[in-house]
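In: sequence unknown, structure follows:
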């Protein structure tokens, strides 16, 4: 059966039998590079198109429907348009930092991709501190946002960046704590081991109430961390025009925009990996016929199915909840989510010591 | 010269260059960003020593958290209003003297260090792995760990007192 | 030998413990920086460059912008940042604990409970003092 694992295996073996080790390694690097770039361009196009269509159908509209069949080439056209637009730098901006900021945000977003497992045994970089690495790199992107806001020398940008920074750092805490809940249950930071530990059931089923609470908190926190509605007050267009990227245009704006969608994808992959079993098919205990039936579906489809379900949920939030004020937003995190997730983590630890989970 | 040595020299020169740029650059926000680069270079050094946890934590806490704090503090104060105050000769002299004292202490400490036996294990060595660190931290160094929580408590009180003024 | 596509997990496990296993991330970093640079450069070459003084002014919804944007901000943001640093360190301490709690057993659990207890004391103090109240 053609799966990503078999294809990768085949290419790997073919390379190492045809060329000597150094050339094969270099060729492998090139292939991985092309795959990463390809994944990015496809992701950006698909997610932006999905966002528009989902928004449209939720508001009983049709959404883009002119360019290509059902409008599927609309995002391609938009990207080309953004490519040939003038990328301005305002006169009183800090020129160097202004141009550096989209670089940092985008680099951080693309680096997090490395340790993610996209299918069974199909992973660019399986490091033993995978989850910690993801947390570390995602904490760097806030610097890019603050830099963009400060360098623009625009009141809207600066206010947006301040709000955005406060929001991202606050919600990072509860996101981190809910990630650690799963680290406690699976006793590993390595992404492949965490997925292996869910072979007989996903953590959201096996982990009882602590895992479910952690999952809910994780989804709320990552929605806030990616600056999505209802937590999008960093770029609340009715008050701050576009928040920290008000002054950006052309390709530099496109990088911020793309980074936002790549970040949504990444947090959803992480959510799917930690709580919903990653590429692991739906297994129930030792009911073998059912398990074997589920195994027929390729592992990559499982991962992308779960991921896109979570992305859909996050897009759904946008049209369901009204935007919060900055004080409500910080109250929600500091007074409710943070203590709840901390106690939840201790509960999960006690449970794991007692061996109450499956 | 092996790969490790080359990487060491690249990272060291990067760290030193950025550290000099922190002091030299006129704009405080630029200084903060150079400082972030220093932290990344130091994280690279930790990775060479195979102290993965330390490397990642250095990025999370210093580059991620403390630098955000620095940037916020810089945005709190009006940078335009603070013209560089004319420091008197005495303050300059005291500054130079303190710097020299620190240098002296560092040199004294380094010259005492026994190079032949205390060479750090590079590449191999797994004391810096997270599991081993956890075992040591929560058994041997439990008391300092608990005391650090009291330190955090006092820091919280301090922050609230300053913030409420 | 580094297996980029992680074909043989068992082989990778032995290697992943040492510093050499960070080579892929270094290569990806170079690649990403190169790619973004290329994208920006392409757009810079393709796009028009007609700089007029009005266009390059800061955007303020069409009205003239008054004064400098870099005005001092509310102290609340500073407070959030300080508290974030403290709690972030607390979260970090959980990582080594989460990986070794089985061997440490209940002793380790009570130690962590005490640690969290101190933090909760500080937390209650913060709430009681109204440090997180945004309306003055």
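Out: Perfect, I can see it now. For clarity, every value in this text was computed on a predicted model and none was experimentally measured.

In: how far off centre is the helix or strand bottoming out on mean pLDDT in chain B?
Out: The weakest-scoring helix or strand in chain B, judged by mean pLDDT, DSSP states H and E, is helix B:130-137 (a mean of 78). The gap between where helix B:130-137 is centred and where its chain is centred comes out at 22 Å by Cα atoms, centre = their mean, to the nearest Å.

In: for that helix, which positions count as buried?
Out: Buried positions in helix B:130-137, judged by neighbour count with 16 or more other Cβ atoms under 10 Å in any protein chain shown: B:130-131, B:133-135, B:137. C-beta: built from backbone N, CA, C; applies to glycine.

In: tell me, what residue is most central in the chain?
Out: You didn't say which chain, so I picked chain A. Central residue of chain A (Cα atoms, centre = their mean): residue A:266, 2.0 Å from the mean position.

In: not quite, I wanted chain C
Out: Nearest to the mean C-alpha position of chain C, by Cα atoms, centre = their mean, lies residue C:88 at 10.4 Å.

In: am I right that it falls within a helix?
Out: Yes - the assignment for residue C:88, made by DSSP: H, G, I helix; E, B strand; the rest coil, places it in a helix.

In: looking at it now. What's its pLDDT?
Out: Predicted confidence (pLDDT) at residue C:88: the value is 88.

In: could you tell me which residues make contact with it?
Out: Applying Cβ atoms under 8 Å, 6 or more residues apart in numbering or on different chains to residue C:88 gives the contacts A:169, A:172-173, A:176, B:60-61, B:64-65.

In: restrict those residues to contacts with chain C.
Out: A:169, A:172-173, A:176, B:60-61, B:64-65 (Cβ under 8 Å from any Cβ of the partner chain).

In: restricted to strands, list the residues you listed.
Out: Applying DSSP state E to those, no entry is found in strands.

In: any chance of those residues in TSV, plus distance to residue B:93, pLDDT and neighbour count?
Out: Supplementary listing: those in TSV, determined by distance: Cβ to Cβ, whole Å; pLDDT from 0 to 100; neighbours: other Cβ atoms under 10 Å in any protein chain shown:
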residue	distance to residue B:93	pLDDT	neighbour count
A:169	41	86	25
A:172	44	88	26
A:173	45	89	22
A:176	47	90	28
B:60	40	88	26
B:61	35	87	19
B:64	38	83	28
B:65	36	85	24
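
In: from the residues you listed, which land in helices?
Out: Among the ones next to chain C among the contacts of residue C:88, the subset assigned to helices under DSSP state H consists of A:169, A:172-173, A:176.

In: what's the closest of these to chain B?
Out: Nearest to chain B out of these is residue A:169 (Cβ to the nearest Cβ; 5.8 Å).

In: distance of that closest one relative to residue A:188?
Out: Computed with Cβ to Cβ, to the nearest Å, the distance linking residue A:169 and residue A:188 is 27 Å.

In: equivalent analysis for residue A:225, please.
Out: Applying Cβ to Cβ to residue A:225 and residue A:188 gives a distance of 23 Å.

In: and these two? which has more neighbours close in?
Out: Taking other Cβ atoms under 10 Å in any protein chain shown, residue A:225 and residue A:188 do not tie; residue A:225 has more neighbours (25 against 22).

In: so how far is chain B from the more buried one?
Out: 12 Å (Cβ to the nearest Cβ, to the nearest Å).

In: I'd guessed that residue sits against residue A:173; true?
Out: No - with contact defined as Cβ atoms under 8 Å, residue A:225 does not count as touching residue A:173 (10.4 Å).

In: quick one: contacts for whichever residue of chain B sits closest to chain C?
Out: Here chain B gets closest to chain C at one residue, residue B:134, 3.2 Å apart by Cβ to the nearest Cβ. Residue B:134 is in contact with C:95-101, C:104, counting by Cβ under 8 Å, 6+ apart.

In: got the domain ranges for chain A?
Out: Residue ranges for each domain of chain A read A:1-84, A:88-354, as given by automatic domain parsing.

In: could you check whether the first one is close to chain B?
Out: No - looking at domain A:1-84 against chain B by Cβ under 8 Å from any Cβ, there are no contacts, and the closest approach is 14.5 Å.
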